[in-house]
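Asks: take a look and give me a structure for this.
(chains A and B)
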Amino acid sequence: MLEGAVLLLALVGLGLSAACLDARLGGAQVGAPFGEVARLLVQQRRRTLLRDTLLLRIGVISLIVAPVLAGIVIPLGDAPVADLAVGIVWFNAMEVCVWGSLWLTGWAVNSVYPLAGAYRLVAQGLAYELPHMFALITVALGAGSLRMGDAVQAQQGLWFVVWMPIAFLIYLVSALAMAFWGPMSQPVGTDLAGGVRAELSGPDRLLFQAGRYALLVVAAAAAVPLFLGGGAGPVLPSWLWVLVKTAAVLGLLVWVRHRVPAIRMDRFTQASWLVLIPLSLVQLLVVGIVVL
Amino acid sequence: MVVTEWLLKRAADHPRPFVVSAEHGTRARLLGEAEIARRRWRPAEPASEADLLVICGTPGEEFEAAIRTVWDDLPGPRARVDLPSDATPPSIGQALNRAVAHLADKDAQWRDAAARAGKPWSPDADRNSDSHTPDGGSSHHGHDSHASHGQEHDDDGHEGGHHEHHMGNPGGLPMAGRGPDRDGLSLDRLHVSIGPILSDWPRGLVVESVLQGDVIQDAAVRWLGSGESFWAEPWNKAAAGHPVTRAEAGRRQAAAYLDSLGRLLSVSGWSGAARRARALRDRLLADAPRAELAAPYRSFERQVRRSRTLRWMLRDVGSIEDGDAVSRLDGWLTRTRAAIDALEDETPLDGAPPVRHTLHPGLLVGGELATARLIIASLDPEPAVAHA
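Replies: Reported below is the predicted structural model:
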């Protein structure tokens, strides 16, 4: 119960901090996200002809539920909310639910740009998911377990980021893609008038944006037990180390958005399949040999 | 009630403006964008995100109808600001202040909401009263919002602006027709007008496209309104016999390049670099001296040139005889630097203004929407420029 409350608090706190940092880096006032929340709370709903309200609700609500469910397997200090034996697979599965959320949202509003944004999401998913899964499998192989806690235990001597650097880099790229953020934000791109979220306003948009930040936080937080030794660190208590490391990864992901242009999937898919997948397999092989 | 009022005030402190440039609106747009950046408001990227619609210049009849459609779809609280072509920085500031006050005004927003709730909504609510052009132009302003209207057109039933409710079709709209696509599949063909109200979009451009998925199968280009004389103003003045220095023309030209760069970088999804380009543009137009501009420009140029991702994404995009999008980007950067370096050249201006690109619809066919947006942004085309 307590862990659950802590998880939600951490998601809200880190999500808002990420939004404020993003606003600051984007040249706006730091408090802009709070103004945006107020604006969306009083905003009316946009209407489109023949929208499928049920699918839209499912899409928008699942977008915020999925990252919370993905977050329950991440150890916040010593233990996660739910210490599943297949935690890494669970995390991956919840994060793939987001594909469904975005597709339903893009489809349900019955408008061209959101639909085209949803197409882009599918292309993006095909490009990033395989290297992403290989990166996760590399961690599981190194830990000899699919439990997040075991992955942290296995890093007592040496963090995985040190001897699996390629898997870590691939994980960071796919974390951006997972949260359709920054260079991987084509599904909600400006050039598509906002893509999937183009017709969302008021509470729908608030939930959508909150879900997106929650995803970003969860993607950053999962990097800590997977690659950065979990709560390991001197002096400070382990929960604080988790928080510090998560905030560092999160800050990096937010910063990248302002430094790198958007990556189009018609170009990235080729790079992903011809470079990232072989690289991730080589990393898997190396880890496999070391473990043997 | 108290909570609503408080939220409205908080929201009004952080408005999301969307700036539309209509005919003769470039000057007002630039001043408006500079003022919005100065206030550190976050511009709405698509119009649908906005609560503040800023119209610059004097929209023609068709443009005004498109604006009205966007306005009708804009969820409240909302405010509209009209900046005339001869707007001055103080008058723009006052207009924006009034709009913010309107956004925070609970009673006004209630009245607006009640008036809208009173009349039944349909996507074509205001269209019956419009004077439609028979070629089907004015009924489909493919603005940001209701792009779904594109489905109203069928392959063979070009409906124009008339309301024909087809029995048996959902919502009275004909189903999208099918056609073979580039991979030999049979896919829906949607007729979508892209523009004229989009962010980072050339003023008045409408691309009538046929989409399958997000691939453009067919495209036609038309322009609302004529060319803009703002960027060519120094040359027009010189041609009319007024004394104009090279420095003045170079300043205007560098600002034009930076404006185009801002659009291209923004469409490329690199809002940080786009903001730098626009900040430099605003300082150029505010008559900042060369010494204050040269160093920041160099730093901006270095950042853009060093981005390998940008080059990777722009390579072989929109190749015409003068090269692809990368070479056009490089050209803009080089010429901007030259123009900034020559900001102290007081010799009289002669010659003609640099020719801007035109847009051939054939360039867009066969590419994804994303590529089409990049092609258009990398050309930043204009209709025939009006000379005085």
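
Asks: hang on, B:Arg328 is in a helix, isn't it?
Replies: Yes. Under DSSP: H, G, I helix; E, B strand; the rest coil, B:Arg328 sits within a helix.

Asks: apart from its chain neighbours, what residue comes closest to it?
Replies: What sits nearest to B:Arg328 in space, not counting adjacent residues and going by Cβ to Cβ, 6 or more residues apart in numbering or on different chains, is B:Ser378, at 5.0 Å. Where you see a C-beta, it was placed from the backbone N, CA and C, and this is true even at glycine.

Asks: tell me the strands beside the helix or strand of chain B with the lowest mean pLDDT, with direction?
Replies: Ranked by mean pLDDT, DSSP states H and E, the weakest helix or strand in chain B is strand B:177-180, scoring a mean of 75. The strands that strand B:177-180 pairs with in its sheet are strand B:186-194 (antiparallel) (by DSSP bridges).

Asks: check which helix or strand the nearest residue to A:Ser101 once chain neighbours are set aside maps to.
Replies: Sequence neighbours aside, A:Leu63 is the residue nearest to A:Ser101 in space, at 3.9 Å (criterion: Cβ to Cβ, 6+ apart). Under the criterion of DSSP states H and E, A:Leu63 resides in helix A:53-71.

Asks: from the middle of its chain, how far away would the helix or strand that that helix is followed by be?
Replies: Using DSSP H and E, the helix or strand that follows helix A:53-71 towards the C-terminus is helix A:87-108. Counting by Cα atoms, centre = their mean, to the nearest Å, helix A:87-108 is centred 11 Å from the centre of its parent chain.

Asks: quick check: mean pLDDT across helix A:87-108?
Replies: The average pLDDT within helix A:87-108 is 90.

Asks: starting from that helix, tell me the next helix or strand along the chain.
Replies: Downstream of helix A:87-108 (by DSSP H and E), the next one is helix A:112-143.

Asks: which intervals of chain A have sub-threshold pLDDT?
Replies: The model of chain A has no residue with pLDDT under 70.

Asks: before we move on, back to that, which strands and helices lie in contact with the helix holding A:Leu63?
Replies: For helix A:53-71, the packing partners by 3 or more Cβ pairs under 8 Å, 6 or more residues apart in numbering or on different chains; DSSP states H and E come out as helix A:2-25, helix A:87-108, helix A:202-227.

Asks: secondary structure element for the closest residue to chain A within the stretch 251-388 of chain B?
Replies: Going by Cβ to the nearest Cβ, chain A is nearest to B:Gly269 of the stretch 251-388 of chain B, at 2.4 Å. Using DSSP H and E, B:Gly269 sits in no helix or strand.

Asks: got the contact list for it?
Replies: A:Pro183, A:Ser185, A:Gln186, A:Gly189, A:Thr190, A:Asp191, A:Pro261, A:Ala262 (Cβ atoms under 8 Å, 6 or more residues apart in numbering or on different chains).

Asks: which of those residues fall in helices?
Replies: Among these, none falls in helices (DSSP state H).

Asks: need the residues you listed in JSON lines with distance to A:Ala271 and neighbour count, can you?
Replies: Listed next are those as JSON lines, based on distance: Cβ to Cβ, whole Å; neighbours: other Cβ atoms under 10 Å in any protein chain shown:
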{"residue": "A:Pro183", "distance to A:Ala271": "12", "neighbour count": "21"}
{"residue": "A:Ser185", "distance to A:Ala271": "17", "neighbour count": "21"}
{"residue": "A:Gln186", "distance to A:Ala271": "14", "neighbour count": "25"}
{"residue": "A:Gly189", "distance to A:Ala271": "19", "neighbour count": "27"}
{"residue": "A:Thr190", "distance to A:Ala271": "23", "neighbour count": "22"}
{"residue": "A:Asp191", "distance to A:Ala271": "20", "neighbour count": "29"}
{"residue": "A:Pro261", "distance to A:Ala271": "15", "neighbour count": "26"}
{"residue": "A:Ala262", "distance to A:Ala271": "14", "neighbour count": "23"}
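
Asks: which residue comes closest to B:Gly204 once chain neighbours are left out?
Replies: Nearest one to B:Gly204, counting by Cβ to Cβ, 6+ apart, is B:Leu224 at 4.1 Å.

Asks: for that neighbour, give me phi and psi.
Replies: The phi and psi values for B:Leu224, taken as degrees, to the nearest 10, are phi -90, psi 120.
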